Structure formats: C-alpha cells, structure tokens
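Participant: what follows is a predicted protein model with its sequence.
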Amino acid sequence: VAMGASAPVAWDNPGPFGAIPLPPRDYRRACPARRTSTTGGPTYRAPVDGCSIRAVPALKVADLAKSFGTKRAVDGLSLVVPQGSMYGLVGPNGAGKTTTLSMITGLLRPDSGTVEVLGHDVWSDPVAAKALIGVLPDGLHVFDRLSGRELIRYVALLRGLDRRVADSRAEELLGALGLADDAELLVCDYSAGMTKKIGLACALVHAPRLLILDEPFEAVDPVSGDMIRQILAAFVASGGTVLLSSHVMELVERLCDSLAIVAHGRVQAAGTLDDVRQGESLTDTFLDLVGARHLESESLAWLHSS
C-alpha cells in the first residue's frame, strides 16, 4: 500500500493489551464519548449513540468489479462496514475476497466501482484514504532482512511518524505481541506465526482507523491467537474498525458482530451476525448460500478398505 502521512494520534495503555491507538483528537472533539475502565487502565470507548460522525461508514464499497481475462473475479460487489465494528468477510476459495481486499486497499485498480474509507475515495484521494488504513495481507512479503524492531520502525517512519514516536511504539507493540525477546532477530528467521504478528504490529503502528486483515490467525498458535483477539477487541472498543477475512466460520462467529458472505464475486448475504445466521449456525448458513458439494459414494473408491 502506498504510504500516506498520518497525523499524530494519542495512545493509551489499557491493562494487558499494551499500546492501543486511540481515535485522533479531532475525532474525539467532534464526537464526545464515555471513558471507562475495566482493566485497570483508562480505555477510550466508542462515541455515544446518535453522534453524527459515526453515520459515515468506515468503509463503503459500491459496484466493485474486476476481471482477469475472461474470468470475472469480482462482479458488482457492494459493501458497507460501519464504524466501530468487527466485520467478517467470508467465502469459499475463489470467491473474490482477496481481489476485493486488494482493490479496497489500493493495491489493485478496479475495472469499475468506488471505494471510500471514512469518506475518502481510495482512488481520487489516495493519500488521505490510505493514511487511515492498516493492512495485514495474507502471504505477507516484508523486508525480512531487517530485525523485528527495525521493520516496525521502518514502517512507522514511512507512515510519517516522528523517530522518537516510532521507537516508542515499536517497543510497545513488540511487548504487546510477545515479540520483545525476539526483537533483534531477523524477520527471515521468524516462524510463520511470528511473521504474522510482526505484520500486525506494522499494520497498527500508525494508529489506523480501519484495520484490514486477511487470514490474521493462520499459522498462529492458541496463545498468540488469544493475544491478537484481545488487541483487536480493544482496538474496536476504542472506536476503530476491523474488516477480517477468514475461512474459519467458528472464528468469525466468535469474533465478529457483522459479516458478509461472498461467492462468485458478489455479496450473497450481509448484516449483523444474527441477521445472516437466522437461527442457524454460521457454517450451515454459509453452506446453504454458497452451495455445499457432496462427495459421490463411488468417488475415490480405491481409498476404501477392502
């Protein structure tokens, strides 16, 4: 993602979650909110209901389309992600999720359609839009000959942060994600789970308002996964928004308050978790919408016991 300068943003330290970005000060002036604490430290809560600034969606995608040759990967996809939500994006392999996320983050130009991040068009106003986004793509490619600490600092400086702020946030994020002991290790020597965590640190370092995560829990052990879930929950509680793509229905069902099911490049269903499930499990709803495939009894007969 092309890096845009980000205005300085206050950080807080709510208990075990480590450093969590807070909304920009102008956001808080325009929309006063309750400040409460349940973890021993101050936690900035989402703005009170009825505040006009929250009427602007964190993400608005309208009629997005993309083809590769004769294949229509995304076919008129529209999506609205409200501020302060943990929003899931689910679909079978080849549904167009990763292509959609690439267009949302400005990595891939759509054939048609628009993408707005908090009112800023990703293609006509890219610097403002991308300054508000933090991205953790699947199959992340990073400068892996840097140490973990150096990589976070480097991304922070690209995002326009002061060097002292970059250093401070790098240390806080390394501690919050359990990477402090490996901060001097080259990223190329990190495990898959550690690489995922350092990628999340880079996505958070500039205090984005919209965090876009593609398979964030893949190859992550249960302890690290629980740590990441706590950080994301605190981020959303602070007024941030998460768009999370995953193949694991149980994970989406546990974490997300809203979601969209995508198949064949289109949204098949979208809304709150309860609206989409309609009394069923998310897995059953998903299979009903995308069309479950059943293995014929004669298939792979050579595998059966004789």
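Facilitator: Received the coordinates, thanks.

Participant: low-confidence ranges, the protein, go.
Facilitator: Scanning the chain with the threshold set as pLDDT under 70 gives 1-54, 140, 292-295, 297, 305-306.

Participant: and the nearest residue to residue 137 once chain neighbours are set aside, how close does it get to residue 76?
Facilitator: Nearest residue to residue 137, sequence neighbours excluded (CB to CB, 6 or more residues apart in numbering): residue 214, at 5.1 Å. The C-beta positions use only the backbone N, C-alpha and C, and glycine is treated the same way. For residue 214, the distance to residue 76 equals 21 Å [CB to CB, to the nearest Å].

Participant: please point out which parts of the longest helix seen in the chain sit buried.
Facilitator: Counting residues, the longest helix found in the chain (DSSP state H) is helix 222-237. Across helix 222-237, burial judged by 16 or more other CB atoms under 10 Å covers 224, 225, 227, 228, 229, 230, 231, 232, 234, 235, 236, 237.

Participant: same deal with stretch 79-98?
Facilitator: 79, 81-92, 95-98.

Participant: from these, which ones fall inside helices?
Facilitator: Per DSSP H, the buried residues of stretch 79-98 map to helices at 97, 98.

Participant: what's across from the residue nearest to residue 137 in the sheet?
Facilitator: Going by DSSP bridges, residue 214 is paired in beta bridges with residue 245.

Participant: that older thread, out of the buried residues of stretch 79-98, list just those in strands.
Facilitator: 79, 81, 86, 87, 88, 89, 90 (DSSP state E).

Participant: what's the closest of these to residue 138?
Facilitator: Comparing these against residue 138 with CB to CB places residue 89 closest, at 12.0 Å.

Participant: which residues does the closest one contact?
Facilitator: Applying CB atoms under 8 Å, 6 or more residues apart in numbering to residue 89 gives the contacts 97, 100, 101, 243, 244, 245, 246, 259, 260, 262.

Participant: still on that earlier bit, give me the number of residues near the residue nearest to residue 137?
Facilitator: Using other CB atoms under 10 Å, residue 214 is surrounded by 21 other residues.

Participant: check contacts around it.
Facilitator: Per CB under 8 Å, 6+ apart, neighbours of residue 214: 97, 98, 101, 136, 137, 138, 245.

Participant: quick check: the farthest pair among those residues?
Facilitator: Longest distance between any two of the contacts of residue 214 is 14.0 Å, between 97 and 136; criterion CB to CB.

Participant: okay if I get the contacts of residue 89 as CSV plus distance to residue 129?
Facilitator: Shown next, in CSV, are these (distance: CB to CB, whole Å):
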residue, distance to residue 129
97, 20
100, 16
101, 14
243, 14
244, 19
245, 19
246, 24
259, 23
260, 20
262, 22
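
Participant: can you pull the buried residues of stretch 275-282?
Facilitator: Buried residues in stretch 275-282, counted by 16+ other CB under 10 Å: 276, 277, 282.

Participant: from those residues, which ones fall inside helices?
Facilitator: Those of those lying in helices (DSSP H): 276, 277, 282.

Participant: quick one, strands of the stretch 51-200 of the chain?
Facilitator: 59-68, 71-81, 86-90, 112-117, 120-121, 133-136 (DSSP state E, counting those that start in this stretch).

Participant: and the gap between residue 139 and residue 77?
Facilitator: From residue 139 over to residue 77 (counting by CB to CB), the distance is 22 Å.
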